[in-house]
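**Student:** model the structure of this input:
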Amino acid sequence: MKVGVLSFAHVHAAGYAGLLRRMEGVEVLTSDPDAHSAPPGEERGAELAGRLGVEHVDSYRELFDWGPDAVVVAAENSRHRPLVELAAKHGVDVLCEKPLATTAEDGEAMVAACREAGVRLGVAYPVRFSPAYAALREAVRGGGTGPVLTVAGANNGRLPADARAWFTDAELAGGGALMDHTVHIADLLDELFGDATRAVEVYAQTNNLMYGEGSPGGVPGAGPGGEGRDDRRPVEVETAGLVTVRYDNGAVATIDCSWSHPDHHPTWGGLELQLVGERATVEMDAFGQVVSGFDDRRREGVLLPWGTDLDEAMMRSFLYGTDDENAVRVADGEAGLRSLRIALAGYASARSGQPVRLGD
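**Tutor:** Just a heads-up that it's a prediction; the model follows:
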């Protein structure tokens, strides 16, 4: 099977390329023609491909001339649409990084293009494949919790600006922490509740107290790993938020979508849910499979992950599918569009200070 990776812009792109290179029976080819637009210090393009040990071509045209069976779109959020439409034009299945797009118009066009071309459009929500989520899903769908009343979710992480500066560019990213982190939990709840339940109203508040003007934070200076961080500058997008979503089954969910982990935290971030049902309360930690310890040489705590590789589980599901009718599947374009609309409604609510009904 031939799989192409379109762009190294996203922080997960290198991981996808390396993962595909290690998968038996998969040939991988990468292309990153916009690498020149990245600021100094960000490793992209042929240089990154060489370090990863994967083949690289200079243009997307060359990559599609190669005849891929599927492609992974890992460009900046606002640049997803032309690449997904290009894949659809070539009749190639496409897995797109989240969020699907930065506007509902672009997301709808991408879904329509793939539907008309008869190709699959998947959206990269790997947390669907967490064993912790599988246990929570079984508890809810098996009736153990009873009807869901409330969900409290947190998807926190480090400010991603030192790895990929475009994450704090509102035009390229579509926003800040709200756009980056709301959609993961919104997608989990979309999958959990199924087709019979939909989000109907969103209320959100955001701020930039940690990395705005006059804050003690700011964006680290450019440089691999963020070393030499004495030229901090403020971030214009929101870096913290709380989103409340009401569903038509009566459930209410809150989502902490903040970039609140300090630079030297031993992990990039995490995702946790606490779900309260009529008969039981269940909790999940999507990245709780870790061995904790202390590195005496570096004088710092360490957390070493083990267990399921969620990206690999997602990629295998997308490429090869499953015969298990009850198994979790990769989010499709429609699911990606629904989670995007929740994030966009969150921004509208934060601007107005009022709840926003989806569909209005």
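**Student:** quick check: residue 331 touching residue 121?
**Tutor:** No. Taking contacts as CB atoms under 8 Å, residue 331 lies outside contact range of residue 121: 9.5 Å. To be clear about C-beta, it is placed using only N, CA and C from the backbone, and glycine gets the same treatment.
**Student:** quick check: residue 106 is in a helix.
**Tutor:** Yes. Checked against DSSP: H, G, I helix; E, B strand; the rest coil, residue 106 lies within a helix.
**Student:** the helices in the chain, which residues?
**Tutor:** Applying DSSP state H to the chain gives helices spanning 13-22, 45-52, 60-65, 80-89, 104-117, 131-141, 170-173, 177-193, 310-320, 333-352.
**Student:** nearest to residue 31, of those?
**Tutor:** helix 60-65 (4.5 Å; CB to CB).
**Student:** picking up where we left off before, could I get the helices of the chain in CSV, plus columns for mean neighbour count?
**Tutor:** Shown next, in CSV, are the helices of the chain (neighbours: other CB atoms under 10 Å):
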stretch, mean neighbour count
helix 13-22, 20
helix 45-52, 17
helix 60-65, 17
helix 80-89, 22
helix 104-117, 18
helix 131-141, 17
helix 170-173, 16
helix 177-193, 25
helix 310-320, 19
helix 333-352, 22
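**Student:** quick one: closest of those to residue 262.
**Tutor:** It's helix 177-193; of the helices of the chain, that one is closest to residue 262 (CB to CB) at 14.7 Å.
**Student:** and the average pLDDT for the closest one is what?
**Tutor:** Taken as a whole, helix 177-193 has an average pLDDT of 97.
**Student:** any weak-confidence spans in the stretch 101-250 of the chain?
**Tutor:** The model of the stretch 101-250 of the chain has pLDDT under 70 over residues 213-233.
**Student:** how is the protein carved up into domains?
**Tutor:** What automatic domain parsing lists as the domains of the chain is 2-123, 130-309+332-357.
**Student:** among those domains, which is nearest residue 319?
**Tutor:** The closest of those to residue 319 is domain 2-123. By CB to CB, the value is 6.3 Å.
**Student:** can you check the distance spanned by the closest one, start to finish?
**Tutor:** 19 Å (CA to CA, to the nearest Å).
**Student:** stretch 141-156 now?
**Tutor:** 27 Å.
**Student:** now swap in stretch 273-288 and tell me
**Tutor:** 12 Å.
**Student:** flag every buried residue along that stretch.
**Tutor:** Applying a neighbour-count criterion of 16 or more other CB atoms under 10 Å, one finds 273, 275, 276, 277, 282, 284, 286, 287 buried in stretch 273-288.
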